[in-house]
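*Asks:* Fold the following for me, if possible:
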Amino acid sequence: MPKTSDEQKEARREQILAAAQRVFGEHGYEGATVALLERESGLSRGAIFNYFANKDELFLCLAERDAERFGRLWLDTGFTGLLRAILAEDPAWLSVYFEASRRLRTDETYRKRFEARAPEVDRQLEARLEELRACGELRDDVPLETLGRFMGIVADGLALRTAAGFATEDADDLLRLVDEAIRPPARSRTRARRSA
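*Replies:* You can find the predicted model right below:
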């Protein structure tokens with residue numbers, strides 16, 4: 001029997017992940033059954049679970065990819081770029097995260113795995129925030145950890161509104177307000193630039 005190449009394995013894995021994301025988006029976290037995964041991917045249960053141990057593994061792998069993708073967007077385009085990407089995200093897929101929040105609240109092991117999705121990107125984001133604060137681009141009247149938590153709350157809130165289907169025709173104004181909330185007053189930015 002011929003061996004499957006690494007490229008074929010990766011292609012199969014991607015096929016399963018794409019199908020899983022569609023099933024989660026359409027049927028929700030709880031409603032994503034093995035039968036639906038089989039039908040959407042065109043693969044057998046054995047083929048699917050040869051690559052992923054269970055449905056949780058599938059979801060956590062997708063969540064890890066999103067954490068990496070959104071973290072890279074933040075690094076490459078700034079916080080406003082990240083928020084714009086959230087506004088453009090598929091509401092059905094975003095809603096799966098909120099459905100999975102019950103598990104995050106009640107299952108400590110699951111929560112730890114979810115929180116450890118993209119450690120390298122998290123470190124890079126932390127360094128970027130420190131760098132932005134050092135050049136006077138972020139307010140310094142609250143601890144950096146608090147500012148990061150605030151930014152996370154804003155991103156989560158925007159994701160929740162997007163997932164719920166609320167209109168955001170005033171997105172530009174909202175993003176301007178967020179930007180103003182995380183930046184120091186203009187006078188402080190000028191002083192920090194001069195001293196840097």
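
*Asks:* Let me know the secondary structure of Arg103.
*Replies:* For Arg103, the secondary structure call by DSSP: H, G, I helix; E, B strand; the rest coil comes out as helix.

*Asks:* Check whether it really touches Arg113, as I assumed.
*Replies:* No - if you go by Cβ atoms under 8 Å, Arg103 and Arg113 don't touch, sitting 10.3 Å apart. For every residue, glycine as well, the C-beta is placed using N, CA and C.

*Asks:* any idea how far Glu38 lies from Arg22?
*Replies:* 13 Å (Cβ to Cβ, to the nearest Å).

*Asks:* From the contact counts, what lies against the longest helix seen in the chain?
*Replies:* Longest helix in the chain, counting residues (DSSP state H): helix 55-88. If you count contacts as 3 or more Cβ pairs under 8 Å, 6 or more residues apart in numbering; DSSP states H and E, helix 55-88 packs onto helix 6-31, helix 34-41, helix 91-106, helix 108-115, helix 119-134, helix 144-164, helix 171-182.

*Asks:* how about the longest one: buried residues?
*Replies:* Just to be clear, that refers to helix 6-31. 12, 15-17, 19-25, 27, 29 (16 or more other Cβ atoms under 10 Å).

*Asks:* Select the helix or strand of this structure having the lowest average pLDDT value.
*Replies:* Every helix and strand of the chain was ranked by mean pLDDT, DSSP states H and E. The lowest is helix 186-195, at a mean of 54.
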